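> take a look and give me a structure for this.
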Amino acid sequence: MGINNTIEWKLAHFNDLSANELYNILQLRSAIFVVEQNCVYLDADGKDKQCYHLFATQNNVVIACSRIVPPGVSYTEPSIGRIATATAARGTGKGKELVKRSIEASLQLHGNTSIKIGAQLYLKKFYESFGFVQVGNVYDEDGIDHIKMIRSYA
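Okay, the predicted model is just below:
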């Protein structure tokens, strides 16, 4: 039996995630945001339980994930956060697909409205390609330069 390279995407509210799905999402987030970026912070920030989670699996491994944050949790506007792509999946277009699907999920869940994100500064041009525009100044979050960005609904 060969390896199944099919990528499956799933959008689920926190309450509907299986224990394995949640574990695999948190494992990827920890691998990227804590280990790879050498950033000590509490990933389980209390927001996940209020969010939908979008993730892609390949061979039962989560290779990309994000959380779709309702309005009033991080910002007045809906938000997309914890956007992560596994190292092995980078350069394959999965990161772009993740952001595109995350925007679509936010619009589907929260209506045709602006979306606000807190982005790492080095990813500014990447997010601009999806219509996000910087608002405000650069700020430090856990030792990494960030900017707030908004994607207006036109």
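
> give me the neighbour count for Val73.
A count of neighbours around Val73, defined by other C-beta atoms under 10 Å, yields 15. Glycine gets a C-beta too; all of them are placed from N, C-alpha and C.

> what helix or strand is it on?
Val73 belongs to no helix or strand when elements are defined using DSSP states H and E.

> gap between it and Asn20?
In this view, Val73 and Asn20 are 25 Å apart by C-beta to C-beta, to the nearest Å.

> and if you look at Ile115?
Going from Ile115 to Asn20 by C-beta to C-beta gives 29 Å.

> which of these two has more neighbours?
Taking neighbours as other C-beta under 10 Å, Ile115 and Asn20 compare with Ile115 leading, 25 against 10.

> dump the residue contacts of the residue lying closest to the more buried one once chain neighbours are set aside.
Closest residue to Ile115 apart from its sequence neighbours, by C-beta to C-beta, 6 or more residues apart in numbering: Arg151 at 4.7 Å. By C-beta atoms under 8 Å, 6 or more residues apart in numbering, the contact list for Arg151 reads 103, 114-117, 130-133.

> what's the answer for Leu107, then?
Leu107 is in contact with 113, 115, 153, counting by C-beta under 8 Å, 6+ apart.

> ok, 10 Å please
Contacts here follow C-beta atoms under 10 Å, 6 or more residues apart in numbering; on that basis Leu107 touches 68, 78, 113, 115, 151, 153.

> that's a helix at it, yeah?
Yes - assessed with DSSP: H, G, I helix; E, B strand; the rest coil, Leu107 lies in a helix.

> before we move on, back to that, in helices, which of the contacts of Leu107 fall?
In helices, judged by DSSP state H, none of the contacts of Leu107 are found.

> any idea which of these is closest to Trp9?
Ile68 (12.9 Å; C-beta to C-beta).

> tally of neighbours for the nearest residue to the closest one once chain neighbours are set aside?
In space, and not counting its chain neighbours, Ile68 is closest to Tyr52: 4.2 Å by C-beta to C-beta, 6+ apart. Counted with other C-beta under 10 Å, the neighbours of Tyr52 add up to 21.
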